[in-house]
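Trainee: Fold the following for me, if possible:
(one chain, ligands or ions: 1)
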Amino acid sequence: MLDERHLEHQLTNDERDFFEENGYLIIEDAIPPEMVKRLEEAIDIIWHNPPHDDNDKRAHHPPADLTRNFFFPNFLWRNDLFADLLDWHTTFPKVWGILGWNIYSYHSHFIITPPEVDAGKEAHTFGWHQDSGRVNSELESSPRPRLSLKIAYWLSDVTLPEHGGLWIVPGSHKMDRLDRPTDGVSQPKGAMPVLAKPGSAVFFDRRTWHARGLNSSNVTRKGLFYGYGFRWIRPKDDMTIPQSLLDRSDPVRRQLLGDGTCGNGYYSPTDEDVPLKVWLEEHGVKL
Ligand SMILES: O=C(O)CCC(=O)C(=O)O
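Mentor: All right, here's what the predicted structure looks like:
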């Protein structure tokens, strides 16, 4: 539920300038330690006993393999704590500050990366990409349009490069291609790990070239990724949000979970489609 705290955490001019120039932004202490702990317990339950009800073959299904990188999409509805982060007061105002009010969460996943035992021996050029797959080849504009952003919430410590946090090339969001080194070992020019403490939120523009680092530490890496985009973007996950979650959510959260009155309302919304717009207007927020 949005309240006065959201108004206090709106995007500042400095944050906007930094994000526009670099394609990422770090908000430290975005979630308190107690919440980090509860979120970690909640994802651990899924990690240890993955359900097999997701159609995405790229999702991990049973049997659990606690030694491999674990990618789990469409998780927002599996615990109310996950839904609580969707409109979290320290971060969500910055999402509307960047993208405006016609938005929802089109895509979410969490990733758990256990220590990669042979990481030292198997150094390689990471899986560098911009988000959204075919969007990058099928839209003809240059630079590509932003369309969406992601927030990575870190539950584990990624303050050292060996923790294998998110790597990015700062400022690369206006670049349509990225030169990858051909030696199979080094990273692109300007690439760096985004170092962050547990509880930090790392915002990144979907166009910012990014990759998962290599976890050569002895700490299991845990991060939650929340994608926000315009409501006319098709969901990237199955988004099997149960009606019961929609029923117990307030109108803004229902919007963020993908609710709307009719197909046309995703393109040409009425106030009923976008309670976020109404709330912002009622609270004097001008975008
Ligand atoms: O695991 C990571 O750090 C990278 C995640 C990623 O590439 C993505 O969410 O698009």
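
Trainee: List the contacts of the residue of the stretch 101-250 of the chain found nearest the ligand.
Mentor: Residue nearest to the ligand within the stretch 101-250 of the chain: residue 212 (3.5 Å; Cβ to the nearest ligand atom). Every residue, glycine included, has its C-beta placed from N, CA and C. By Cβ atoms under 8 Å, 6 or more residues apart in numbering, residue 212 lies in contact with 69, 111, 113, 126, 127, 164, 166, 167.

Trainee: give me the element the last one is part of.
Mentor: Assigned by DSSP states H and E, residue 167 falls within strand 166-168.

Trainee: Quick one: list the elements packing against the next helix or strand after that strand.
Mentor: Using DSSP H and E, the helix or strand that follows strand 166-168 in sequence is strand 192-193. With contacts taken as 3 or more Cβ pairs under 8 Å, 6 or more residues apart in numbering; DSSP states H and E, strand 192-193 sits against strand 166-168.

Trainee: residues near the residue nearest to residue 195 when sequence neighbours are not counted, how many?
Mentor: Closest residue to residue 195 in three dimensions, ignoring its sequence neighbours and counting by Cβ to Cβ, 6 or more residues apart in numbering: residue 159, at 5.0 Å. When counting by other Cβ atoms under 10 Å, one arrives at 14 neighbours for residue 159.

Trainee: same deal with residue 259?
Mentor: Neighbour count of residue 259, defined by other Cβ under 10 Å: 17.

Trainee: just checking, it touches residue 243?
Mentor: No. Look at residue 259 against residue 243 with Cβ atoms under 8 Å: they stay out of range, at 10.1 Å.

Trainee: With secondary structure added, can I get the contacts of residue 212 in TSV?
Mentor: Below are the contacts of residue 212 laid out as TSV (DSSP: H, G, I helix; E, B strand; the rest coil):
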residue	secondary structure
69	coil
111	strand
113	strand
126	coil
127	coil
164	coil
166	strand
167	strand
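
Trainee: restrict those to contacts with the ligand.
Mentor: 111, 166 (Cβ under 6 Å from any ligand atom).

Trainee: Going through the contacts of residue 212, which ones are buried?
Mentor: 111, 113, 126, 164, 166, 167 (16 or more other Cβ atoms under 10 Å).

Trainee: Would you mind putting those into CSV with distance to residue 64 and pLDDT alongside?
Mentor: Compiled in CSV, these are given as follows (distance: Cβ to Cβ, whole Å; pLDDT from 0 to 100):
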residue, distance to residue 64, pLDDT
111, 15, 96
113, 15, 95
126, 25, 89
164, 20, 94
166, 24, 97
167, 27, 97
